[in-house]
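Asks: The following comprises the amino acid sequence and a computationally predicted model.
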Amino acid sequence: MNVLVLGHDGQLGSDFMRCAGEHPDVAVSPLSRNDLDLENIADIQPALKTRTFDVLVNCTGYHKTDDVESDAQRAVVINAHAVREMAQACSALGARLVHISTDYVFDGRSDVPYTETDGMGPLNVYGAAKAMSEAFVHVNCEDHVIFRVASLFGVAGSMGKGGNFVETMIRLARERGTLRVVADQRMSPTATGDVAAMMLAAIEKNIASGTYHAVNTGNATWFEFAQRIVRLTVPKATVEPIPASEYPLPAARPAYSVLSNAKLSAAIGPIPTWEDALQRYLVAKGHCEA
Ligand SMILES: NC(=O)c1ccc[n+]([C@@H]2O[C@H](COP(=O)([O-])OP(=O)(O)OC[C@H]3O[C@@H](n4cnc5c(N)ncnc54)[C@H](OP(=O)(O)O)[C@@H]3O)[C@@H](O)[C@H]2O)c1
């Protein structure tokens, strides 16, 4: 199976490329920003139509959530209009589109894990652009898989954000000894290595078209996530809970964005917990022993 990958050098994309190397039946090729800058919308369909592929995997994104609030046009181009072009090209070529979306499409008013059939209600521009991208995929490409992911941490670190939450917590714990972390936002911490494995399983099994929540099992507040990171890496440091109101940011965030991964798990098998994923990540980065 030939898989063309956009965003191959990002946090998720690089894990996808590495993981695909372990699947002999999957041949991956990257299409980098140098080959195709998604801001040049008119170039997207012609560039894709010169390639031969069975599956297009879109790991790109402009997801600096706070910057995006004042840069909406660019965010909508990269995160939504570019995806419409990908969907139209895939439909014309008879290829499957695998697209990455986010937990930020939800409004956070739930207190039970969101399922794929729950209505969207984004609170910020980034979430709205991703919600738009999902609609474009639905309308333009019947053969699609949308994976909503959340709170990613991966060995490469997020290119767009300049690192990830795990590394930031470890650095600040070492520098300051005491961290103050938001305790009233609950989400699904997720390792990009595990998302990559889920994506490859889904591609190989040719799971039914539709939307799936591709997150590690379990949930945590940012405070609980930080507590576990620090306990495993800088145990002398302490973590104090604070309300989000004490850490104001330009973009509103959902208070609750836990995603149920039951639908994807039924399709591809058990999905590891975030605690297990974190432990493997910390060992891989040399932050703690196995
Ligand atoms: N990180 C999170 O916590 C999180 C949470 C929920 C959803 N997501 C979504 O998950 C996906 C992967 O995130 P990530 O953390 O792996 O992101 P990342 O490390 O920032 O990687 C983003 C990728 O997008 C590419 N890209 C950005 N703008 C582009 C453009 N104009 N033209 C071509 N390529 C462009 C980047 O290329 P360059 O290397 O050339 O910049 C990079 O390869 C994204 O769709 C993101 O929105 C992320």
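Replies: It's in. Numbering: from 1, shown residues only.
Asks: how about the helices in the stretch 101-250 of the chain?
Replies: Here the stretch 101-250 of the chain has its helices, by DSSP state H, counting those that start in this stretch, at 125-140, 165-176, 192-205, 222-233.
Asks: Turn these into JSON lines, including mean pLDDT, distance to residue 1 and mean neighbour count.
Replies: (Glycine included, C-beta is placed from N, CA and C.) JSON lines is the format used below for the helices of the stretch 101-250 of the chain (pLDDT from 0 to 100; distance: least, CB to CB, whole Å; neighbours: other CB atoms under 10 Å):
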{"stretch": "helix 125-140", "mean pLDDT": "98", "distance to residue 1": "20", "mean neighbour count": "22"}
{"stretch": "helix 165-176", "mean pLDDT": "96", "distance to residue 1": "32", "mean neighbour count": "17"}
{"stretch": "helix 192-205", "mean pLDDT": "97", "distance to residue 1": "7", "mean neighbour count": "22"}
{"stretch": "helix 222-233", "mean pLDDT": "98", "distance to residue 1": "35", "mean neighbour count": "21"}
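Asks: Near the ligand, which residues of the stretch 1-150 of the chain? Just list them.
Replies: With CB under 6 Å from any ligand atom as the criterion, the stretch 1-150 of the chain meets the ligand at residues 7, 9-13, 33, 37-39, 59-63, 78, 100, 102, 149-150.
Asks: can we see that at 8 Å?
Replies: Neighbours of the ligand within the stretch 1-150 of the chain, by CB under 8 Å from any ligand atom: 6-14, 32-34, 36-39, 58-63, 78-79, 82, 100-104, 126, 130, 148-150.
Asks: Just the buried ones among those, please.
Replies: By neighbour count, with 16 or more other CB atoms under 10 Å, these hold 6-8, 10-14, 36, 38, 58-63, 78-79, 82, 100-104, 126, 130, 148-150 as buried.
Asks: is it possible to export the helices of the stretch 101-250 of the chain to CSV including distance to residue 2?
Replies: Shown next, in CSV, are these (distance: least, CB to CB, whole Å):
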stretch, distance to residue 2
helix 125-140, 20
helix 165-176, 33
helix 192-205, 11
helix 222-233, 37
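Asks: quick one, phi psi at residue 141?
Replies: Residue 141 has phi and psi values of phi -140, psi 100 when expressed as degrees, to the nearest 10.
Asks: Equivalent analysis for residue 100, please.
Replies: The phi/psi pair for residue 100 (degrees, to the nearest 10) is phi -100, psi 130.
Asks: Dig out what it forms beta bridges with.
Replies: Beta-bridge pairing for residue 100 (DSSP bridges): residue 147.
Asks: tell me the contacts of it?
Replies: By CB atoms under 8 Å, 6 or more residues apart in numbering, residue 100 lies in contact with 12, 58-59, 61, 146-149.
Asks: and if we set it to 7 Å?
Replies: The contact partners of residue 100, taken as CB atoms under 7 Å, 6 or more residues apart in numbering, are 12, 58-59, 61, 147, 149.
Asks: Pick the one among those closest to residue 49.
Replies: Lowest distance from residue 49 to those (CB to CB) belongs to residue 58, with 15.8 Å.
Asks: so the closest one sits right up against residue 6, yeah?
Replies: Yes. Here residue 58 reaches residue 6: they are 4.9 Å apart, a contact under CB atoms under 7 Å.
Asks: And the strands in the chain?
Replies: Per DSSP state E, the chain carries strands over the ranges 2-6, 27-31, 55-58, 96-102, 144-149, 152-153, 178-182, 186-187, 190-191, 210-213, 220-221, 238-242.
Asks: And for the chain, the residue most distant from the center?
Replies: Distance from the C-alpha centroid of the chain peaks at residue 236, with 31.2 Å (CA atoms, centre = their mean).
Asks: distance of that residue from the ligand?
Replies: Relative to the ligand, residue 236 is positioned 28 Å away (CB to the nearest ligand atom, to the nearest Å).
Asks: This completes my enquiry, with thanks.
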